[in-house]
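Visitor: sequence and predicted model, in that order:
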Amino acid sequence: MKKMKAIQIPSKGKSMKLVEVPVPQPGDGQVLLRVEACGVCRGDARTITGDAPAYPRIPGHEVIGTIEGLGTNSKKWEIGERVGTGYNGGNNHVTGLTMDGGYAEYMVAYEDSLCSIPDELSALEAAPLMCAGETTFNALKNSKARPGDLVAIQGIGGLGHLAVQYAKKAGFRTVAISRGSNKEELVRHLGAHHYVNSEKEDPAHALQTLGGAKVILATAPNAKAISSLITGLGSDSELIIVASSAEPLELSAMDFLKGPYTIKGSFTGKATAREIEEAVNFSVLTDVRPMVEIFPLECASEAYEKMMTATTRFRAVLNISK
């Protein structure tokens, strides 16, 4: 029986472990992927901290690979095609949570969960687009903003550095908001028209000086910082939250009466393969690329820790098929 290397959570509460296990076999409506790369995402924490319904479990939901085998009744894809899959694993599954994910040399995936990956993208570039890219792209695409509107990106990390690029390429007047001055040169290079250093000025006031934001996209999980931004919105505008935080927002009824404002979340978990593919195609068309730090499969624990402590620049990716 053919074996593969994988990073596995042996049981609830246990640490990641490098193991050698049999290569899985695709079932009805599934394909076998030879994994090329897998992003390391904050969403993996659910599996790693014990929320998976069953263990052992292989994490990872930003997966790029090549189709190496077809299950019964699998007719959508052909052997050798490059594909990717995200958090929505299809058939009511969550990739890397309710079914094994991409921290492995091989994985099975439902064929309807897959999107095509064009040759213009390397596997390492494409992996973060399966979640971080799709999240920020579709949040902006489905927002109230239209070309020429003022759009602010709060937080310049794994999500924010992509959001700045998408906002600029979509024709928005783009404002980047972050702490300190060390990211200003970078975000201007990525396309931001304005930079607000939240240590030196109030971001909401700065946005009002610019005319008020049509959309503020909150990508950093800081409830206090997110709450303070609402007064930076213009009329008939919205604050969109894509960063998870357990802390409550600090908002009053008066904050809303000054609007009208909308506050909403945008969650990648329900994104279809088609929606992910739209983000991928837009990225290729407009030359949006993630900045990645690359790790071998054996260093998945290090990659995860760096991602969780926000010390990667800016997305951690496991290079699996070298």
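Guide: Okay, I see it.

Visitor: the helices in the chain, which residues?
Guide: Counting by DSSP state H, the chain has helices at residues 45-48, 123-126, 132-141, 160-169, 184-190, 203-209, 223-227, 253-257, 273-286, 300-308.

Visitor: where among the ones you listed is average confidence lowest?
Guide: With a mean of 71, helix 253-257 has the lowest mean pLDDT of those.

Visitor: how about the helices of the chain, which one is nearest residue 75?
Guide: helix 273-286 (15.4 Å; C-beta to C-beta). Any C-beta I mention is one placed from the backbone N, CA and C, and that applies to glycine too.

Visitor: can you list contacts of the closest one?
Guide: By C-beta atoms under 8 Å, 6 or more residues apart in numbering, the residues outside helix 273-286 that reach it are 84-86, 88, 90, 112-118, 120-121, 126, 129-130, 133-134, 137-138, 141, 165-166, 169, 288-289.

Visitor: which residues does the residue nearest the centre of the chain contact?
Guide: With distances taken as C-alpha atoms, centre = their mean, residue 132 lies nearest the centre of the chain, 1.5 Å away. The contact partners of residue 132, by C-beta under 8 Å, 6+ apart, come to 39, 41, 62, 158, 159, 162, 290, 315.

Visitor: can we see that at 7 Å?
Guide: 41, 158, 159, 162, 290, 315 (C-beta atoms under 7 Å, 6 or more residues apart in numbering).

Visitor: so which of the residues you listed would you say is closest to residue 50?
Guide: Taking C-beta to C-beta as the measure, residue 50 lies nearest residue 41 of the contacts of residue 132, at 17.1 Å.

Visitor: picking up where we left off before, of all the helices of the chain, which one is nearest residue 320?
Guide: Set against residue 320 and scored by C-beta to C-beta, the helices of the chain come closest in helix 123-126, at 8.5 Å.

Visitor: does anything pack onto that closest one? Which helices or strands?
Guide: strand 30-40 (3 or more C-beta pairs under 7 Å, 6 or more residues apart in numbering; DSSP states H and E).

Visitor: so what's the model's average confidence on the strand it packs on?
Guide: Mean predicted confidence for strand 30-40 is 98.

Visitor: compute the inter-axis angle for it and helix 132-141.
Guide: Counting by axes from the mean of the first three to the mean of the last three C-alpha atoms, to 10 degrees, strand 30-40 lies at 80 degrees to helix 132-141.
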